[in-house]
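# missing the sequence, but the structure's below:
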């Protein structure tokens, strides 16, 4: 799988990238061996990701996200987070049934 992700840096800025292993890439960023941009903005937090089967699709989406304005990225993160929280609460409800 291929992933496009957004990181929130310690200074509040956002970084967009792609990877095949989000956890490993997050660790690399926080170890200072990720992107040059994030090295001086540690620690970073993974705040958004999308999954793709094809690398080209992930790269295309990364370019789209990088062209968005900051407010659009923040709105995208919030919407994604709300969707994940809703999905998580529905799973808990189903387990109780």
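Good, I have the coordinates. Remember, predicted model here, so these are calculated numbers, not experimental data.

# average pLDDT for stretch 85-97, rounded please.
For stretch 85-97, the mean per-residue pLDDT is 60.

# ugh, typo on my part, it should be stretch 26-39
Stretch 26-39 comes out at a mean pLDDT of 95.

# identify all contacting residues around it.
5, 7, 9, 15, 17, 25, 42, 43, 44, 46 (Cβ atoms under 8 Å, 6 or more residues apart in numbering). In short, each C-beta sits where N, CA and C put it, glycine included.

# who wins for neighbours among these?
Counting neighbours by other Cβ atoms under 10 Å, residue 7 comes out on top of these with 25 neighbours.

# hang on, isn't it packed against residue 44?
Yes: counting by Cβ atoms under 8 Å, residue 7 does reach residue 44; the two are 4.2 Å apart.

# who touches both of the two?
Going by Cβ under 8 Å, 6+ apart, residues that sit against residue 7 and also against residue 44 are 15, 26, 29, 38.

# and the last one, what element?
Per DSSP states H and E: residue 38 is located in helix 36-39.

# what do you get for the third one?
Element membership for residue 29, per DSSP H and E: helix 22-30.

# now that helix: buried residues?
22, 25, 26, 29, 30 (16 or more other Cβ atoms under 10 Å).

# just put those in CSV and tack on distance to residue 60.
Shown next, in CSV, are the buried residues of helix 22-30 (distance: Cβ to Cβ, whole Å):
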residue, distance to residue 60
22, 18
25, 19
26, 22
29, 22
30, 27
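
# can you redo the shared contacts of residue 7 and residue 44 as JSON lines with distance to residue 66?
Shown next, in JSON lines, are the shared contacts of residue 7 and residue 44 (distance: Cβ to Cβ, whole Å):
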{"residue": "15", "distance to residue 66": "10"}
{"residue": "26", "distance to residue 66": "18"}
{"residue": "29", "distance to residue 66": "16"}
{"residue": "38", "distance to residue 66": "15"}
